[in-house]
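Enquirer: Have a look at this prediction, sequence included:
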Amino acid sequence: QVQLQESGPGLEKPSQTLSLTCTVSGGSITTSYYAWNWIRQPPGKGLEWMGAIAYDGSTYYSPSLKSRTSISRDTSKNQFSLQLSSVTPEDTAVYYCVRGRAGSFDYWGQGTQVTVSS
């Protein structure tokens, strides 16, 4: 059973960089052909795919967030991370790390609330 767990600060100030880490257990992040995604849901809105890092280390980003987003991984710890720069209150959301393959998502973390406020 694959499990994903998000971790990181729950509160960020505007203009700062949001950093979240997802720790994966029960499966390796280098296993072909999975991609490891970050998805968020702002209050009262739908899910928004932010980006992913694939099993081979390739990265993919939402065009609308690409200029502010960076996804990396630490294979020795079986973790992948999200950095979102220059945050504003509009980045307030529940952030999920998610395993995906061939366009579908099968395992989700429980989600972590991030609030951007001064």
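Expert: Received it, and whenever you're ready, just let me know what you need.
Enquirer: now do the same end-to-end measure for stretch 29-40.
Expert: 20 Å (Cα to Cα, to the nearest Å).
Enquirer: How about stretch 39-55?
Expert: 17 Å.
Enquirer: Give me the mean pLDDT for it.
Expert: On average, the pLDDT along stretch 39-55 is 98.
Enquirer: What are the buried residues along that stretch?
Expert: Within stretch 39-55, the residues that count as buried by 16 or more other Cβ atoms under 10 Å are I39, R40, W49, M50, G51, A52, I53, A54, Y55. To be clear about C-beta, it is placed using only N, CA and C from the backbone, and glycine gets the same treatment.
Enquirer: Could you identify the most distant pair in those?
Expert: R40 and Y55 (22.3 Å; Cβ to Cβ).
Enquirer: ok, which stretches of the protein are helices?
Expert: Under the criterion DSSP state H, the chain contains no helices.
Enquirer: mind checking how far the spatially most central residue of it is from P89?
Expert: Among the residues of the chain, W38 comes closest to the average C-alpha position under Cα atoms, centre = their mean, at 2.7 Å. Distance, W38 to P89, using Cβ to Cβ, to the nearest Å: 19 Å.
Enquirer: Fine by me, thanks again.
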